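In: Here is a sequence with its predicted model. Questions after.
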Amino acid sequence: MALEFNKEYHIKKIHFNEAHGGTYARMIDLGLMEGMKIKIIRRLQQQGPWVVQADTLYLALRDEEFSMLELG
């Protein structure tokens with residue numbers, strides 16, 4: 001699925017394995033959870049972090065974190 005900027009998506013699932021344990025916990029601590037809506041705002045320069053909006057919170061997610069999200 002090709003993702004578009006300024007479009008809302010639902011987080012279907014947050015994929016993780018033991019190597020992602022701390023990252024998964026951090027994402028939960030930040031308030032990201034399955035079923036919530038997020039909007040992809042932009043990607044920073046030179047393949048930098050993804051800027052997403054979740055409710056009133058703006059987050060910059062690294063590729064490793066962003067790739068854990070299954071969006072629909």
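Out: It's in.
In: what about the strands in the chain?
Out: Counting by DSSP state E, the segments of the chain that form strands are 7-14, 37-43, 50-54, 57-61, 69-71.
In: The third one packs against which elements?
Out: Contact here means 3 or more Cβ pairs under 8 Å, 6 or more residues apart in numbering; DSSP states H and E; on that basis strand 50-54 packs against strand 37-43, strand 57-61, helix 63-66. All C-beta atoms are positioned from the backbone trio N, CA, C, and that covers glycine.
In: highest average neighbour count across the strands of the chain?
Out: A comparison of the strands of the chain by mean neighbour count, using mean count of other Cβ atoms under 10 Å, puts strand 50-54 on top with a mean of 18.
In: Let me know how buried Glu65 is, in neighbour terms.
Out: In terms of burial, Glu65 registers 21 neighbours under the definition other Cβ atoms under 10 Å.
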